[in-house]
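# Only the shape, not the letters, is given here:
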């Protein structure tokens, strides 16, 4: 894994949570497949992976449309969230991203902007011992349009009081990268760093 360097022009950092700050994706996939099985449904892993960063309810709607199911997005989302929360005690941080957050803690304002529900994001941050690192945490509970819409990143910039063009976003999903671009922010796709 490589070290992350940032430009001196950066005045604030915005982190995605799942797959960026924390290696939660294996836990998410477990929860997805268990919940699908619970509702007597199936969905290929690659279908889910292509929708990484998209809210659960939206993914369920796409599963219904693509595979002919009539899953209730709200019930499914609640069950998947319950299963995920029971697994988050096993979460690990993603070291180069954690190192960057530690390096800039108390130096630059920092935010988390996630498409996940607040409970799972807060439990994840607690699990990786970073729950006191961030000036603000924005989640799906904030009722903003999901990535690739830039709303979550623009709200994060507003809350940390940094102009969008002076923010750096760290992301691991295509939807998140697209949202950062639309927001006019600098971004780092962490996927190549993790290999």
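Looks like it came in fine. Being a predicted model, the structure only gives us computed values, none of them experimental. Residues are numbered from 1 along each chain as shown.

# For the rest of this, base every contact and every neighbour count on C-alpha atoms.
Will do.

# Buried residues, stretch 92-112. List them.
Across stretch 92-112, burial judged by 16 or more other Cα atoms under 10 Å covers 92-97, 100-101, 108-112.

# got the end-to-end distance for it?
Across stretch 92-112, the terminal residues are separated by 17 Å (Cα to Cα, to the nearest Å).

# Adjust the sequence numbering to begin at 26 for everything that follows.
Okay, residue one is now 26; in that scheme the one you just asked about reads as stretch 117-137.

# Give me the mean pLDDT for it.
Taken as a whole, stretch 117-137 carries a mean pLDDT of 95.

# Next: stretch 188-203.
For stretch 188-203, mean pLDDT rounds to 96.

# end-to-end on that stretch?
Terminal residues of stretch 188-203 lie 18 Å apart, using Cα to Cα.

# Next: stretch 89-108.
One end of stretch 89-108 to the other measures 21 Å (Cα to Cα).

# before we move on, what about stretch 114-132?
In stretch 114-132, first residue to last residue: 29 Å (Cα to Cα).

# Contacts for that stretch next, please.
For stretch 114-132, contacts defined as Cα atoms under 8 Å, 6 or more residues apart in numbering pick out 26-29, 44-49, 52, 149, 152-153, 158-159, 218.

# again, only this time at 7 Å
With contact meaning Cα atoms under 7 Å, 6 or more residues apart in numbering, stretch 114-132 is reached by 26-29, 45-49, 149, 152-153, 158.

# And stretch 187-200, by the same measure?
Residues from elsewhere that reach stretch 187-200, judged by Cα under 7 Å, 6+ apart: 34-41, 44-45, 77-78, 172-173, 179, 182, 202, 205, 208-216.

# can you list the domains in this structure?
Per automatic domain parsing, the structural domains of the chain span 37-48+117-219, 50-113.

# gap between the residue in the chain sticking out farthest from the centre and residue 79?
Distance from the C-alpha centroid of the chain peaks at residue 93, with 27.7 Å (Cα atoms, centre = their mean). Residue 93 is 20 Å from residue 79, where distance means Cα to Cα.

# Kindly report the same for residue 189.
Counting by Cα to Cα, the gap from residue 189 to residue 79 is 22 Å.

# Low-confidence ranges, the protein, go.
By pLDDT under 70, the low-scoring segments of the chain are 26-27, 220.

# What segments of it are helices?
Assigned by DSSP state H, the helices in the chain fall at 50-63, 70-75, 81-92, 98-110, 120-129, 143-152, 176-185, 199-207.
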